[in-house]
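A.B. asks: sequence-free structure coming up:
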């Protein structure tokens, strides 16, 4: 039996980065969402091997999510790539970066990975097959050789939060390599399923 290798266009077109930055005033116990230049997190991402962000790469993930154009970096002359193709046993690796742009405040940062358009349990009325792929995806996230997430499936990863133990200093950047894989034994019922992925960086001043 041959498995169909399908396009992941819907997945790659909707890989987004989101941020949430809060400033806590310990004297007044006042919590507010950061505005302007006082405290913020910026993000960027690309599919290019060995990519590091250019000054033009950075964008805000709040209030609107930052769309990762996989295959081209906004700060380079690369031509945007089309939909990527992956089949059972295949994988895709891309890089994302986050930067504490605060001029003077360290940040405690946490990362969550979710499907922003979860359609679990929904089937295609014409075929009866599932339309949501997120639950079948396997995620590995590495930072500077350290494995932060080790081959977790989508639902397990979405239920977890990775928190950096050390605060990020002003202007400190973190670069992550994210690998998304499909199990080799994935059967044909998933061949038309797609998924979105969102990486959210939540920061609070230290």
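C.D. replies: Now that the structure is in, tell me what you want to look at. Model, not experiment: these values are computed from the prediction.

A.B. asks: so where's this structure uncertain?
C.D. replies: Confidence mapping of the chain against pLDDT under 70 gives the ranges 1-38, 63-64, 68-86.

A.B. asks: 80 instead, please
C.D. replies: Residues of the chain meeting the criterion pLDDT under 80: 1-39, 61-87, 188, 191-194, 196, 205-206.

A.B. asks: all strands of it, in order?
C.D. replies: With DSSP state E as the criterion, the chain has strands at 6-7, 15-25, 30-33, 41-46, 59-60, 66-67, 85-86, 91-100, 107-114, 138-143, 146-153, 162-163, 173-181, 197-205.

A.B. asks: highest mean neighbour count out of these?
C.D. replies: Compared across the strands of the chain, strand 41-46 shows the largest average neighbour count, a mean of 25 (mean count of other C-beta atoms under 10 Å). (Each C-beta comes from the backbone N, C-alpha and C, glycine too.)

A.B. asks: may I have the beta-bridge partners of the residue nearest in space to the middle of the chain?
C.D. replies: The residue lying closest to the centre of the chain (C-alpha atoms, centre = their mean) is residue 199, at 3.0 Å. Applying DSSP bridges to residue 199 gives these bridge partners: residue 17, residue 113.

A.B. asks: picking up where we left off before, pipe the strands of the chain into CSV and attach distance to residue 120 per row.
C.D. replies: As requested, the strands of the chain are arranged in CSV below (distance: least, C-beta to C-beta, whole Å):
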stretch, distance to residue 120
strand 6-7, 19
strand 15-25, 19
strand 30-33, 30
strand 41-46, 25
strand 59-60, 29
strand 66-67, 23
strand 85-86, 20
strand 91-100, 21
strand 107-114, 12
strand 138-143, 16
strand 146-153, 12
strand 162-163, 22
strand 173-181, 17
strand 197-205, 14
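
A.B. asks: out of everything not next to it in sequence, what's closest to residue 154?
C.D. replies: Counting by C-beta to C-beta, 6 or more residues apart in numbering, the nearest residue to residue 154 once its immediate chain neighbours are dropped is residue 134, at 4.2 Å.

A.B. asks: give me the number of residues near the nearest residue to residue 129 once chain neighbours are set aside?
C.D. replies: When the adjacent residues along the chain are set aside, residue 129 lies closest to residue 189, with 5.0 Å between them (C-beta to C-beta, 6+ apart). Neighbouring residues of residue 189 were enumerated by other C-beta atoms under 10 Å; the total is 12.

A.B. asks: cool, and residue 50?
C.D. replies: By other C-beta under 10 Å, the residues close to residue 50 number 6.

A.B. asks: closest to residue 129 out of the strands of the chain?
C.D. replies: Evaluated over those, closeness to residue 129 peaks at strand 6-7, with 11.3 Å, by C-beta to C-beta.

A.B. asks: mind listing what residue 50 touches?
C.D. replies: For residue 50, the contact set (C-beta atoms under 8 Å, 6 or more residues apart in numbering) is empty.

A.B. asks: quick check: the residue nearest to the centre of the chain touching residue 110?
C.D. replies: No. In this structure residue 199 lies outside contact range of residue 110 using C-beta atoms under 8 Å: 11.3 Å.

A.B. asks: you'd agree residue 104 is up against residue 171?
C.D. replies: No. Checked against C-beta under 8 Å, the pair residue 104 and residue 171 is beyond contact range at 10.0 Å.

A.B. asks: that concludes my questions; thank you for your assistance.
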